[in-house]
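J.: sequence-free structure coming up:
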């Protein structure tokens, strides 16, 4: 364990019962971290993540919490400290979509996405940073980071997405939220970065990748000509919270097979 990237560290991963969050929990555990697997609706899927973590020789617990509710988040942090006694990594991964055309979008549909995707990240990052500072009250005396935060975003923090304005607005908000707290927390030796995936094969977009015709259309937007896997994101997450990336803060890592290269202009438009 001592030679692993994240040996003896503790990480919370929200939305870790499936998809990208599940892959990150498993990858961090492979690298030595004890993981808190957050879920909201499916205890069974969270237990499946925990089973895979343990199969890799890792340690973890599952904690139910709706990240749109502050009291649930606070309880999740309490459980983490009660079990492991510390926190080193916060991966604010949970995200939802509630899609509709803009003219038909209800205030409830707007608020539900903002509360989960943006406000939930605000509360998770704030509470994690409080713990980091409490654990190391004199951060200026240490060279390495005292805590790491990943804000999970999307290529739609930059690419507009008609029909999904609540989702795109939440991800655009994450971009500036991440940079602003990274600027504020850097003197405390807390690193904050974002990961913005493109098309990743997860349950949220199964209707696309399970349909050959839709998949062909999607691949036209990806210069690398394949859909991403959750593991593509997970391996990058493990690196960016490790000491190998200690001088990186306030940055967004786009993991998108080149989607941000605007492939529709590849033939000069």
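T.: Perfect, I can see it now. As the structure is a prediction and not an experimental result, all values here were calculated from the model.
J.: Please name the residues that touch residue 254.
T.: 155, 196, 198, 260 (C-beta atoms under 8 Å, 6 or more residues apart in numbering). Just so you know, the C-beta spots here come from the backbone N, C-alpha and C atoms, and that holds for glycine as well.
J.: Secondary structure class of it, three-state.
T.: Assigned by DSSP: H, G, I helix; E, B strand; the rest coil, the conformation of residue 254 is strand.
J.: Quick check, residue 120 in contact with residue 72.
T.: No. Counting by C-beta atoms under 8 Å, residue 120 does not reach residue 72; the two are 9.4 Å apart.
J.: any idea which of the contacts of residue 254 is closest to residue 50?
T.: Distance to residue 50 across these (C-beta to C-beta) is lowest for residue 196, with 27.3 Å.
J.: Which neighbouring elements make contact with whichever strand or helix holds that closest one?
T.: Residue 196 belongs to strand 190-197 when assigned by DSSP states H and E. Applying 3 or more C-beta pairs under 8 Å, 6 or more residues apart in numbering; DSSP states H and E, one finds that strand 190-197 makes contact with helix 120-135, strand 147-152, helix 165-185, helix 230-240, strand 252-255.
J.: Return the most buried member of those.
T.: For those, the largest average neighbour count (mean count of other C-beta atoms under 10 Å) is found in strand 147-152, namely a mean of 27.
J.: related to what we said a few turns ago, okay if I get the helices and strands packed on strand 190-197 as TSV plus distance to residue 94 and mean pLDDT?
T.: Output for those, formatted as TSV (distance: least, C-beta to C-beta, whole Å; pLDDT from 0 to 100):
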stretch	distance to residue 94	mean pLDDT
helix 120-135	6	98
strand 147-152	8	98
helix 165-185	11	98
helix 230-240	14	98
strand 252-255	18	98
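J.: which stretch among these comes nearest residue 102?
T.: Nearest to residue 102, of all the helices and strands packed on strand 190-197, is helix 165-185, at 5.3 Å by C-beta to C-beta.
J.: which secondary structure elements does the closest one contact?
T.: In terms of contacts (3+ C-beta pairs under 8 Å, 6+ apart), helix 165-185 is packed against helix 107-114, helix 120-135, strand 147-152, strand 190-197.
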